[in-house]
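Novice: predicted model follows, preceded by the sequence.
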Amino acid sequence: LRPEDMLPHISPESMKITVCMRKRPIFKKEQTGGEIECVSVANPRIIVHQCNIKVDGITKYVEDHEFTFDNAFSELETSEDLYEYSIKPLLPLLYSNGVITCFAYGQTGSGKTYTMKEVQKAAIDDMFSLKKKLYGEALLTYNLSFFEIYGGKLFDLLNNRNPLTLLEDANQKIQVQGLEERAVTTPDEMAKVIEYGHTVRTTCATTSNDTSSRSHAICQIAIRNKEEKIVGKLLLVDLAGSERAQDCQSNNRQRRLEGAEINKSLLALKECIRALDCKGPHVPFRASKLTMVLRDSFVGSSAKIRIVMIACVSPGQSSADHTINTLRYAERLKEQPTADYEAIGKAQMAEKEKEPKEDPKVEPKIDLKKGKKYCEVRVMKEAAPENVDGEEDEEEEQKMPLRKSNAEEDWEYLKKTIHEKDDKVTKELMDFQEKAGAIIEEEENLFKLHMTCLKEDARLLTEEGALINKLQNMEEHDIDDYISEMERLVKKKKELYENLFSEIQNFKQHLKEEEDYHKKASVSPSVY
């Protein structure tokens, strides 16, 4: 691809789901090691030039894999360019009951965490400046929470990595029990809190990277009015480093289970986004912990939901397989690609050139029913992106269907949907991920049972001590009563630990089954 092939970037304002791609520059140490670039980018196209060998085992050839996204950013473009055409145009939605979710996805070492941090910094500054422009000195509070999903478990990154519990209430709303929210008042304070959360995030060594992010990190910024009602939410999700099934073969069981859980959540995420895009009959958000905590990103008024996926790729030939898998995953998020890209891009550029340089006029108004102060922003002849007084736009609002289901039903629905739409994901791989998820959950239940046994054993030990003390302090005692009481205590202990022993044996059998599933899945293609 040549520089003259590049088309202008388009704004995501009119798109419910925006898929962007970013290529990082090649590092000097990679060039020193003989690495060559195999990725060329000219917005909105990207081509991966993959070196292959023919079936004769001798002849080499180059196979080109071409993809098209809403926006594609080369190594020559900055993080500011990416932010300008991904998150920035959507921020006004945060002040009109909107939910904006931004994902950074890609192979470990592709620059996704760096990209997410840069996007976070820019979004923080613009959020506060936009609030001042729209609301003036009106009371709005920013409440920040930051947690990670590691190995199917939730941990609070702002509260000593305390474990969290995921619950669903009677209204099918997802609640993260025990999650700490911090009220922040300045951009600098918010940036420092987020940076602290990044420092305590879980990383582990894998065959792909020595410091691979092995957790999904979710930073949630909720904006509340003086009545403590949420007027908008921004979710910044740094997804775990993507790993194919074959990349986990040399890792121990823990890394293998982590990888399977990550892959399972990424599959669930893809199907939830696709359901939102094509207005599917059901959103299987209960199929993974990740999609459960992000329920509001998929379910609700589609006019107020925006999703941005930033797929980050490495430029080197040694990462070509990973790059292709990342781009395939991102490509499948939308059923319909952006139509007539060139016409849209030119029209938006023409509109941008016509925009006046002066600041937009802000006209405050008061909702007498709710007693809140609002502002309408008028730039040229365009109205605000949403009705900021809280009234719904009946023509634009389209709510995603929501039916009652549980995690097992959503997983079965997910498997059926993937089987029909994606032949790259084999039954063996899905079975392995299901088994790995069951192992993680069973391990947690076994740990809880063990703790329960210890507490009950301690209680029984206290009773035994009281019985012994009573026996020693009595000159005369009834031996039948002593034997009967001692028999009762020992019988309870026996039942307690026999039950625990039985669960341990079952768990060992399931671990053996997991190994068998892994062997079958290891020869399957990537989930991406």
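Specialist: Received it, and whenever you're ready, just let me know what you need.

Novice: how far does the helix or strand harbouring Cys102 sit from its chain's centre?
Specialist: Per DSSP states H and E: Cys102 is located in strand 98-106. Relative to its parent chain, strand 98-106 has a centroid offset of 8 Å by Cα atoms, centre = their mean, to the nearest Å.

Novice: for it, packing partners?
Specialist: Using 3 or more Cβ pairs under 8 Å, 6 or more residues apart in numbering; DSSP states H and E as the contact criterion, the neighbours of strand 98-106 among helices and strands are helix 112-135, strand 230-238, strand 305-313, helix 320-331. The way it works is simple: take the backbone N, C-alpha and C, and place the C-beta from them, glycine included.

Novice: packing partners for the third one?
Specialist: The reference is to strand 305-313. strand 17-23, strand 98-106, helix 112-135, helix 253-277, helix 320-331.

Novice: ditto for the last one
Specialist: Helix 320-331 sits against strand 17-23, strand 45-53, strand 60-68, strand 98-106, strand 305-313, with contacts defined as 3+ Cβ pairs under 8 Å, 6+ apart.

Novice: buried residues, that helix. List them.
Specialist: Ala320, Asp321, His322, Thr323, Ile324, Asn325, Thr326, Leu327, Arg328, Tyr329, Ala330 (16 or more other Cβ atoms under 10 Å).

Novice: which non-adjacent residue is nearest the first one?
Specialist: Of all residues not flanking Ala320 in the chain, Gln50 sits nearest, at 4.6 Å (Cβ to Cβ, 6 or more residues apart in numbering).

Novice: cool, the fourth one as well?
Specialist: Closest residue to Thr323 in three dimensions, ignoring its sequence neighbours and counting by Cβ to Cβ, 6+ apart: Val313, at 4.4 Å.

Novice: same question, His477
Specialist: Leu471 (5.7 Å).

Novice: tally of neighbours for that neighbour?
Specialist: 14 (other Cβ atoms under 10 Å).

Novice: pretty sure it is in a helix, no?
Specialist: Yes - using DSSP: H, G, I helix; E, B strand; the rest coil, the assignment for Leu471 is a helix.

Novice: is it in contact with Tyr482, as I believe?
Specialist: Yes - using Cβ atoms under 8 Å, Leu471 and Tyr482 qualify as a contacting pair, with a distance of 6.0 Å.

Novice: on that earlier part again, which one of the helices and strands packed on strand 98-106 lies nearest to Ile46?
Specialist: Judged by Cβ to Cβ, the one of the helices and strands packed on strand 98-106 that comes nearest to Ile46 is helix 320-331, at 6.8 Å.

Novice: distance between the closest one and the chain's centre?
Specialist: Centroid separation for helix 320-331 versus its chain: 18 Å, with Cα atoms, centre = their mean.

Novice: offset the numbering so it begins at 28, please.
Specialist: All set: I'll call the first residue 28, so the last point we hit is now helix 347-358.

Novice: now do the helices in the stretch 428-555 of the chain.
Specialist: Across the stretch 428-555 of the chain, reading from the start of the chain, the helices by DSSP state H, counting those that start in this stretch fall at 434-448, 454-500, 506-548.

Novice: let me see the mean pLDDT of stretch 522-534.
Specialist: Per-residue pLDDT over stretch 522-534 has a mean of 93.

Novice: in that stretch, what's buried?
Specialist: By neighbour count, with 16+ other Cβ under 10 Å as the criterion, the buried positions of stretch 522-534 are Leu523, Leu527, Glu530.

Novice: can you check stretch 332-352 too?
Specialist: 332-344, 346-352.

Novice: start and end of it, how far apart?
Specialist: Start to finish, the residues bounding stretch 332-352 are 27 Å apart (Cα to Cα, to the nearest Å).

Novice: about what we covered before: so what pairs up with the residue nearest to Ala347 in the strands?
Specialist: According to DSSP bridges, the residues that bridge with Gln77 are Glu90.

Novice: would you confirm that it contacts Cys65?
Specialist: Yes - with contacts defined as Cβ under 8 Å, Gln77 counts as touching Cys65 at a distance of 6.6 Å.

Novice: what sits in contact with each of those two?
Specialist: Taking Cβ atoms under 8 Å, 6 or more residues apart in numbering as the contact criterion, the common neighbours of Gln77 and Cys65 are Gln344, Ala347.

Novice: rewinding a little: adjacent strands (with direction) for the strand holding Cys129?
Specialist: Strand 125-133 has the following sheet partners, assigned by DSSP bridges: strand 257-265 (parallel), strand 332-340 (parallel).

Novice: may I see those organised as JSON lines, with distance to Arg49 and mean pLDDT added?
Specialist: JSON lines is the format used below for the strands paired with strand 125-133 (distance: least, Cβ to Cβ, whole Å; pLDDT from 0 to 100):
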{"stretch": "strand 257-265", "distance to Arg49": "14", "mean pLDDT": "93"}
{"stretch": "strand 332-340", "distance to Arg49": "5", "mean pLDDT": "94"}
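
Novice: closest one to Glu502 among these?
Specialist: That would be strand 257-265 among these, by Cβ to Cβ, at 70.8 Å.

Novice: how far off centre is the closest one?
Specialist: Relative to its parent chain, strand 257-265 has a centroid offset of 12 Å by Cα atoms, centre = their mean.

Novice: ditto for stretch 178-193
Specialist: 14 Å.

Novice: mean confidence score for it?
Specialist: Rounded to a whole number, the mean pLDDT of stretch 178-193 is 90.

Novice: just the endpoints, please. Distance across that stretch?
Specialist: For stretch 178-193, by Cα to Cα, the gap between its terminal residues amounts to 14 Å.

Novice: now stretch 314-322
Specialist: According to Cα to Cα, stretch 314-322 extends 11 Å from its N-terminal end residue to its C-terminal end residue.

Novice: same question for stretch 162-179.
Specialist: End to end - Cα to Cα - stretch 162-179 spans 40 Å.

Novice: pull out the buried positions in it.
Specialist: Along stretch 162-179, the positions that meet the burial threshold by neighbour count (16+ other Cβ under 10 Å) are 162, 167, 169-179.

Novice: likewise stretch 123-133?
Specialist: Neighbour counts using 16+ other Cβ under 10 Å place Ser123, Asn124, Gly125, Val126, Ile127, Thr128, Cys129, Phe130, Ala131, Tyr132, Gly133 of stretch 123-133 among the buried residues.

Novice: what sits against the fifth one?
Specialist: Under the criterion of Cβ under 8 Å, 6+ apart, the contact list for Ile127 reads Ile114, Leu117, Leu118, Leu120, Leu121, Gly259, Lys260, Leu261, Leu262, Arg333, Ile334, Val335.

Novice: tell me the one among those residues nearest to Tyr440.
Specialist: Distances from the contacts of Ile127 to Tyr440 were compared by Cβ to Cβ; the smallest belongs to Ile334, at 20.2 Å.

Novice: ok, residues contacting stretch 457-476?
Specialist: Contacts made with stretch 457-476 from outside it, assessed by Cβ under 8 Å, 6+ apart, are listed as 178-180, 272, 283-284, 287-288, 290-291, 294, 438, 442, 445, 526-527, 530-531, 534, 537-538, 540-541, 544-545, 547-548, 554.

Novice: show me where the stretch 128-277 of the chain has strands.
Specialist: With DSSP state E, counting those that start in this stretch applied, the stretch 128-277 of the chain shows strands at 168-177, 180-183, 189-195, 201-204, 209-211, 230-231, 239-240, 243-251, 257-265, listed in chain order.

Novice: what mean pLDDT does stretch 106-124 have?
Specialist: Looking at stretch 106-124 alone, the average pLDDT works out to 92.
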